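Participant: got a predicted model here, sequence first, then my questions.
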Amino acid sequence: MNYTSLPNPCKKLLFAICFLATVVIAHAQKAADEKEAMKNLLDRQFEFAQKQYQLLAKNTPADRMPKTYYAKNNKLETSDTKWWCSGFYPGSLLYIYEYTKDIGTLKEAEKRLAVLEKEKHYTGNHDLGFMMFCSFGNAYRITGNARYKPTIDTAAASLATRYRPAASVIQSWNSSKQWKGPVIIDNMMNLELLAWVSDHGGDPKYKKIAISHADTSLKNHFRSNYSSYHVVDYDMTTGKVLKRGTAQGASDESAWSRGQGWGLYGYTMMYRFTKNKHYLNLAKNIARFIINHPNMPADQIPYWDFNAPNIPDTYRDASAAAVIASGLLELGQYATKSERKLYVGTAKKMIISLSSDAYTAKLGENGGFLLMHSTGALPLKSEVDVPLSYADYYYLEALMRYKNWYL
């Protein structure tokens, strides 16, 4: 057929079809290129993590866990297994093994799990989820080895001892001069241990405790703009809120960045276990608060507090970005198409930034940790602009989630 002999309407239609086909092909090619770029990023970062954690293993005493590293004096700081971060190192090793299938990495994880196991009986604070589920929970999920499950079950029983029925919350820290019955937003993360154990043959009361805590925190921990307080202090005999404040944020009324991540991640996770729409709606509102905040930098790595003084001349928190990215990737699983594009797109930007030279250490440096520029507790002058074990953990988790759900 001679194109020039066609009537004008037919020419226009044919041109429109050809143009549309060109656009569709170009869009598909762009998507394929972006997918390949992310796959290469994941391959590169896990290969780096495997090698870097060999150094971290070498530097860390067999009965200790890596905590942070101070480049100024080339000092690796470690912790005993009662420290709240003790589960993150074996958990990170397990994520690295899951991706790379490197047996040496698995062996190192197994050694650290053996040292950590005794903490299944720990009742000194609320952190059993961080300590035992990020470690033994991943070990059981990845290896399927039944010997890990009793440890997880026992840890849930230990955590449940901190539940205060009169206040309908798990008490985070013990009473002190400053706090009578403190509950921190971080506590949302530890509910996964309880809910999982109930859903896998354990006592149903654990999940009920998790739901009770999540419901109470939903009522008392959030402001009208869906930002979260760090600490809510309760009278544990009546459930009355005594005060709201912070231990690690810039001020009592500020939005401490990692705390916003804990809330986002925690309520998304609780929706997974309950399908309670109130939890999902709260998670979406927290996500909007974070994503749309005027103080969010262009590279999507938050300042240590969204209301920190001296922005932009203050510290970032790579750990907050890692937690938020991982939470957004799961939230994308429960979202509409347009919401998923926003959540996953933001998480992808965070991952790309964290994977850049600005935040990822060079091989052999940073004490063996992966990420630089996290902020633990700036008001306490503790762990400021350093690597942190939980930054690495949630970063690796975000990489795995992106691989499993979006590649």
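Facilitator: Perfect, thanks for sending it.

Participant: hmm, residue 111 is touching residue 62, no?
Facilitator: Yes - judged on Cβ atoms under 8 Å, residue 111 makes contact with residue 62 at a distance of 7.0 Å. Where C-beta positions appear, they are placed from N, C-alpha and C, glycine not excepted.

Participant: which stretches of the stretch 301-407 of the chain form strands?
Facilitator: 374-377, 382-386 (DSSP state E, counting those that start in this stretch).

Participant: give me the most central residue, this structure.
Facilitator: Centroid-nearest residue in the chain: residue 323, 2.7 Å away (criterion: Cα atoms, centre = their mean).

Participant: find the nearest non-adjacent residue to that residue, please.
Facilitator: Distance criterion Cβ to Cβ, 6 or more residues apart in numbering; nearest residue to residue 323, sequence neighbours excluded, is residue 261 at 3.5 Å.

Participant: next one: the one you found relative to residue 240, how far apart?
Facilitator: Note on residue 261: its distance to residue 240, by Cβ to Cβ, to the nearest Å, is 28 Å.

Participant: between those two, who's got more neighbours?
Facilitator: Using other Cβ atoms under 10 Å as the criterion, residue 261 and residue 240 rank with residue 261 on top: 29 against 12.

Participant: and the pLDDT at the more buried one?
Facilitator: Per-residue pLDDT puts residue 261 at 98.

Participant: shaky segments in this structure?
Facilitator: Along the chain, the parts satisfying pLDDT under 70 run over 1-7, 11.

Participant: any chance you could map the strands in it?
Facilitator: For the chain, the strands defined by DSSP state E cover 65-70, 75-79, 163-164, 169-170, 182-184, 231-234, 241-245, 374-377, 382-386.

Participant: let me know which of these is tucked in deepest.
Facilitator: Highest mean neighbour count among the strands of the chain (mean count of other Cβ atoms under 10 Å): strand 169-170, with a mean of 28.

Participant: which residues are contacting that strand?
Facilitator: For strand 169-170, the surrounding residues in contact (Cβ atoms under 8 Å, 6 or more residues apart in numbering) are 126, 159, 162-164, 181, 183, 187, 190, 209, 212-213, 216-217, 234, 239.

Participant: got it, and stretch 396-405?
Facilitator: With Cβ under 8 Å, 6+ apart, stretch 396-405 has contacts from 38-39, 42, 45-46, 49, 92, 95-96, 98-99, 322, 325-326, 329-330, 332-333, 347-348, 350-351, 370.

Participant: related to what we said a few turns ago, now do the residue nearest to residue 323 against residue 210, distance only.
Facilitator: For residue 261, the distance to residue 210 - Cβ to Cβ - is 19 Å.

Participant: hang on, the earlier thing: using a markdown table, lay out the strands of the stretch 301-407 of the chain together with distance to residue 54.
Facilitator: Formatted as a markdown table, those follow (distance: least, Cβ to Cβ, whole Å):
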| stretch | distance to residue 54 |
| --- | --- |
| strand 374-377 | 21 |
| strand 382-386 | 21 |
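
Participant: right, and these - which one's nearest residue 77?
Facilitator: Judged by Cβ to Cβ, the one of the strands of the stretch 301-407 of the chain that comes nearest to residue 77 is strand 382-386, at 8.5 Å.

Participant: sheet partners, orientation included, of that closest one?
Facilitator: Within its sheet, and counting by DSSP bridges, strand 382-386 is paired with strand 374-377 (antiparallel).

Participant: so what's the residue nearest to residue 323 up against?
Facilitator: Contacts of residue 261 (Cβ under 8 Å, 6+ apart): 290, 320, 323, 324, 327.

Participant: try 7 Å this time
Facilitator: Taking Cβ atoms under 7 Å, 6 or more residues apart in numbering, we find residue 261 in contact with 320, 323, 324, 327.

Participant: the last one is in contact with residue 268, isn't it?
Facilitator: Yes - the criterion here is Cβ atoms under 7 Å, and residue 327 meets it with residue 268 at 5.4 Å.

Participant: who's more crowded, these two?
Facilitator: Per other Cβ under 10 Å, whichever of residue 327 and residue 268 has more neighbours is residue 327, with 31 against 28.

Participant: what about the residue nearest to residue 212 when sequence neighbours are not counted, how many neighbours?
Facilitator: Counting by Cβ to Cβ, 6+ apart, residue 212 lies nearest to residue 168, which is 4.7 Å off, once chain neighbours are set aside. By the criterion of other Cβ under 10 Å, residue 168 has 19 neighbours.

Participant: tell me the contacts of residue 168?
Facilitator: Taking Cβ under 7 Å, 6+ apart, we find residue 168 in contact with 212, 216, 239.

Participant: neighbour count and distance to residue 105 for those residues - can I get that in CSV?
Facilitator: Shown next, in CSV, are those (neighbours: other Cβ atoms under 10 Å; distance: Cβ to Cβ, whole Å):
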residue, neighbour count, distance to residue 105
212, 19, 38
216, 20, 40
239, 16, 46
